[in-house]
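J.: below: sequence and its predicted model.
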Amino acid sequence: MRRLAAIAALAALAAAPVRAAVMDDFIMFDRSYIPALALTNQPQKPQGAIDESMRRLDAAWAKLLAALPASDKADPAYAAAIARADKGIKEAQRLSREGSRAAAHGALEEVRVAFWEARTKKGVDFYQDGMTAFHETMEAFTDLAGKPDADTKKLRELLDESSALWQKVEAAQFDAARFGFDADRTARLQGLVKKEREVLTQLDAALKAGDRVRLAEGAKAMKGTFSQAYLLFGDFTGL
């Protein structure tokens, strides 16, 4: 029994550096993925910038696939995420070439959701996954908050869920060195995380007061603050 326990412990220690390296690969991938995701959601951006962001994404995707261990590729959760992401990226490439930016953006959304779900199933901690979890509920809330006849009970449910999910982001450990963040970028991230909490608090007050105007304005601020924080993880150099 002791021997089996020792073998298991050694296997875990040996796997740790591999898992850390995989997380570094995902960090590098996001540096190219996030600009493509963001720029396809900006109608005013020149097509040349979109094309370059998609070219970088394609190269980053090929690099990530080459770097992922065979064990991850064979794992059902990761295999499904890889297939879903690959489909989304290829679809986005095609739609982008055709000039359908909004549709391309939608296809790229599938990528982060796919890996968030896979890593969550595997119990893997990845900082941006907390932000992705928040994003899904935030989108539902902001869409509803802009409607004059929105159901108050549903708004409360979504706001409470958003607040709880953001609390997880606030509590998550962030390794600035691993993500390549200098002191200035780290301070910007911390400031935006704090600002989002302030927005959530203001939204809570607006909802309690039944102030739909403040609620709609706050929902826009909520989405804008989140976007600023998430985009810090992308490399927009030259775009």
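T.: Done, it's in. Being a predicted model, the structure only gives us computed values, none of them experimental. Numbering: from 1, shown residues only.

J.: following element in sequence after the worst-scoring helix or strand of the chain on mean pLDDT, please.
T.: When the helices and strands of the chain are compared on mean pLDDT, DSSP states H and E, helix 2-39 comes out lowest with a mean of 66. Proceeding N to C from helix 2-39, the next assigned helix or strand is helix 47-67, under DSSP states H and E.

J.: send me that following helix as PDB with only the CA atoms.
T.: Provided in PDB are the C-alpha atoms of helix 47-67 (Å, rounded to 0.1, in the frame of the first residue of the first chain):
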ATOM      1  CA  GLN A  47     -10.000  44.700 -42.600                       C
ATOM      2  CA  GLY A  48      -6.300  44.500 -42.700                       C
ATOM      3  CA  ALA A  49      -6.100  44.500 -38.800                       C
ATOM      4  CA  ILE A  50      -8.800  41.700 -38.700                       C
ATOM      5  CA  ASP A  51      -6.900  39.700 -41.300                       C
ATOM      6  CA  GLU A  52      -3.600  40.000 -39.300                       C
ATOM      7  CA  SER A  53      -5.300  39.100 -36.000                       C
ATOM      8  CA  MET A  54      -6.800  36.000 -37.700                       C
ATOM      9  CA  ARG A  55      -3.400  35.000 -39.100                       C
ATOM     10  CA  ARG A  56      -1.800  35.300 -35.600                       C
ATOM     11  CA  LEU A  57      -4.700  33.200 -34.200                       C
ATOM     12  CA  ASP A  58      -4.200  30.500 -36.800                       C
ATOM     13  CA  ALA A  59      -0.500  30.300 -36.000                       C
ATOM     14  CA  ALA A  60      -1.200  30.300 -32.200                       C
ATOM     15  CA  TRP A  61      -3.800  27.500 -32.600                       C
ATOM     16  CA  ALA A  62      -1.300  25.300 -34.500                       C
ATOM     17  CA  LYS A  63       1.300  25.900 -31.800                       C
ATOM     18  CA  LEU A  64      -1.100  25.100 -29.000                       C
ATOM     19  CA  LEU A  65      -2.200  21.900 -30.700                       C
ATOM     20  CA  ALA A  66       1.500  20.800 -31.200                       C
ATOM     21  CA  ALA A  67       2.300  21.600 -27.500                       C
END
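
J.: list the buried residues in it.
T.: Judged by neighbour count using 16 or more other C-beta atoms under 10 Å, the buried positions of helix 47-67 are 50, 52-54, 56-58, 60-61, 64. Any C-beta I mention is one placed from the backbone N, CA and C, and that applies to glycine too.

J.: how far off centre is it?
T.: Relative to the chain's own centre, helix 47-67 is displaced by 17 Å; criterion: C-alpha atoms, centre = their mean, to the nearest Å.
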